[in-house]
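[1] Pasting a predicted model and its sequence here:
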Amino acid sequence: MKNSFSFIFYIKRSKADKNGKANIYLRITVNGKRAELSILRKADINKWLPSAGKLKGNSSESQQLNRYIDSISNKVYKIHQKLVEEDKTITALKIRNLLNGKEKQNRMLLEIFQSHNLQVKKLVGKDFAPGTLERYKTAKKHLEAFIKLEYEEDDIPVREVNHKFIHGFEYYLKTERNCSHNTAIKYITNFKKIIRIAYANDWISKDPFFNWKARLKIVDREFLSKEEIQKLIEKEFSIKRLEQVKDIFVFCCFTGLSYADVKKLSKNDIVIGIDGDRWIKTKRTKTNTRSNIPLLKTPEVILEKYSSSSNFANSDYLLPVLSNQKMNAYLKEIADLCEINKNLTFHLARHTFATTVTLTNGVPIESVSKMLGHKSLKTTQHYAKIIDRKVSEDMAVLRAKLNVNKVDNNRKELYL
């Protein structure tokens, strides 16, 4: 976009002093908006030429003042030209501040990020979940490491972030940090918010993310089949820690609760529902949305098992949940003992509830979304796609069974 730009020098005759001299002002105009400043010089109002913005005559006083005015004019032109060359937003106020040496110092990228994270920290439990803060902190840590590796600096001005920087950061996350495509994109999306803050505050003249689009790859999430769930239920472990981890994992397969939500599940979260049976009604830690889940027989049995346990009966929490790291480590051991050839992680229980337990058994997707505590039905629809894929695979098996036999003169018939 082309900017209109002009400036003039003028005096205010009405404010001349007793010697007939008035202050000289510089008025800068960009796109119809003005900014003014005094050049800290005075001129004889009878010698001032408004059309030229200078003193008339060849006296020593006139020549000296006019040379000073010319030097300021040259500075204004240079400032404007520099802003044009750097493709920065040009305003009359910015030119005036640069001329006065009052332009704000360069805002530093990691400083802005840290300030943002401190604000998020104070709002945890109100506007943000603890997990959100952790993701922003991790994103900042990765960005800091990238800057040190690529620029050999502790921080850089936010104005130095461009399209090349963004793609360099993505490449770093995928190579040096070994992040998957979707994980890398999520960290960059966290970083994008910081850039948007800088842009909104006019610390940068344009948004380097303008032509960047977050494209997540569709991931085929694993889930347990009905037979694999049954294997887990029937398997008994003599080692207490494995038995507990198995029970809690199965509990989540039939409730859809995430690790964070089952860990904080308390007696207050179990209520009598509209049907007279017991329900879980709790707010999700991640999104603060409510999950309403009728309790099936299997999770009821597991709750009863631990409510009568002497080691856990007096606890406010309903289940003895270990750290996420330990849970996932023991699940690998459980998968081997149960001969389940899948990467058993705790979150896989939530996928299993959405697919094998509910959607596959005809529970409407709207009800599944409500139980999972999804904010948008689009999130739940991903599981429906998985079910469609399973239907397609099953039909492929059926097609193989419905072989076509050639009879007589190329006549074909189907048979079961």
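    Great, that's in hand.
[2] can you give me the helices in the stretch 1-150 of the chain?
    With helices called from DSSP state H, counting those that start in this stretch, the stretch 1-150 of the chain shows them at 60-85, 92-100, 109-122, 130-151.
[3] for the stretch 301-416 of the chain, same thing?
    324-337, 348-352, 365-372, 377-401.
[4] who wins for proximity to Thr298 among the ones you listed?
    helix 348-352 (12.1 Å; CB to CB). Backbone N, C-alpha and C define where each C-beta goes, glycine included.
[5] Who are the packing partners of that closest one?
    With contacts taken as 3 or more CB pairs under 8 Å, 6 or more residues apart in numbering; DSSP states H and E, helix 348-352 sits against helix 240-253.
[6] Report the mean confidence score over the helix it packs on.
    On average, the pLDDT along helix 240-253 is 95.
[7] If we go by neighbour counts, what in that helix is buried?
    Leu242, Gln244, Val245, Lys246, Asp247, Ile248, Phe249, Val250, Phe251, Cys252, Cys253 (16 or more other CB atoms under 10 Å).
[8] one step back: let me know which of the helices of the stretch 301-416 of the chain is the nearest to Ile24.
    So among these, helix 377-401 is nearest, using CB to CB, at 63.7 Å.
[9] Go through the closest one and flag the buried ones.
    For helix 377-401, by 16+ other CB under 10 Å, it's Thr380, Tyr383, Ile386, Ile387, Lys390.
[10] Just give me the closest of these to Thr360.
    Distances from Thr360 to these, taken by CB to CB, are shortest for Ile387, at 6.2 Å.
[11] which residues touch the closest residue in space to the closest one that isn't next to it in sequence?
    In this structure, Ile387 finds its nearest non-sequential neighbour in Leu359, 5.1 Å apart by CB to CB, 6 or more residues apart in numbering. Counting by CB atoms under 8 Å, 6 or more residues apart in numbering, Leu359 makes contact with Ile365, Val368, Tyr383, Ala384, Ile387.
[12] just Ile45 next, same as before
    Contacts of Ile45 (CB under 8 Å, 6+ apart): Ile11, Arg13, Ala16, Gly20, Lys21, Ala22.
[13] Counting neighbours, which of these end up buried?
    Ile11, Ala16, Lys21, Ala22.
[14] Tabulate those in CSV, adding columns for pLDDT.
    Converted to CSV, these look like this (pLDDT from 0 to 100):
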residue, pLDDT
Ile11, 95
Ala16, 92
Lys21, 94
Ala22, 94
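[15] Tell me how the chain divides into domains.
    According to automatic domain parsing, the chain comprises the domains 5-100, 109-200, 226-398.
[16] Mind checking those domains for the one nearest to Ala214?
    Closest of the domains of the chain to Ala214 is domain 109-200, at 5.3 Å (criterion: CB to CB).
[17] mean confidence for that closest one?
    Computed over domain 109-200, the average pLDDT equals 93.
[18] For it, what is the distance to the chain centroid?
    9 Å (CA atoms, centre = their mean, to the nearest Å).
[19] returning to that earlier point: in JSON lines: the helices of the stretch 301-416 of the chain, plus mean pLDDT and distance to Glu234.
    JSON lines is the format used below for the helices of the stretch 301-416 of the chain (pLDDT from 0 to 100; distance: least, CB to CB, whole Å):
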{"stretch": "helix 324-337", "mean pLDDT": "94", "distance to Glu234": "12"}
{"stretch": "helix 348-352", "mean pLDDT": "93", "distance to Glu234": "16"}
{"stretch": "helix 365-372", "mean pLDDT": "91", "distance to Glu234": "25"}
{"stretch": "helix 377-401", "mean pLDDT": "76", "distance to Glu234": "23"}
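[20] In JSON lines: the ones you listed, plus distance to Glu236.
    Putting the helices of the stretch 301-416 of the chain into JSON lines (distance: least, CB to CB, whole Å) gives the following:
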{"stretch": "helix 324-337", "distance to Glu236": "11"}
{"stretch": "helix 348-352", "distance to Glu236": "19"}
{"stretch": "helix 365-372", "distance to Glu236": "29"}
{"stretch": "helix 377-401", "distance to Glu236": "30"}
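[21] Give the full set of residues in contact with the closest residue to Leu65 other than its chain neighbours.
    Spatially, and ignoring its direct neighbours in sequence, Leu65 is nearest to Leu55 (5.4 Å; CB to CB, 6+ apart). By CB under 8 Å, 6+ apart, the contact list for Leu55 reads Ala43, Asp44, Lys47, Trp48, Leu49, Glu61, Ser62, Leu65, Asn66.
[22] Give me the buried entries from these.
    Neighbour counting with 16+ other CB under 10 Å marks Ala43, Asp44, Lys47, Trp48, Ser62, Leu65, Asn66 as buried within the contacts of Leu55.
[23] could you list every residue that touches the second one?
    What that stands for is Asp44. Gly20, Lys21, Leu55.
[24] 7 Å instead, please
    By CB atoms under 7 Å, 6 or more residues apart in numbering, the residues touching Asp44 are Gly20, Lys21.
[25] which residues does it bridge with?
    Lys21 (DSSP bridges).
[26] Looking at it now. What's its pLDDT?
    pLDDT at Asp44 comes out at 93.
[27] gap between it and Ile24?
    Per CB to CB, to the nearest Å, Asp44 is found 11 Å from Ile24.
[28] One more: the last one?
    Distance of Asn66 to Ile24, computed by CB to CB: 11 Å.
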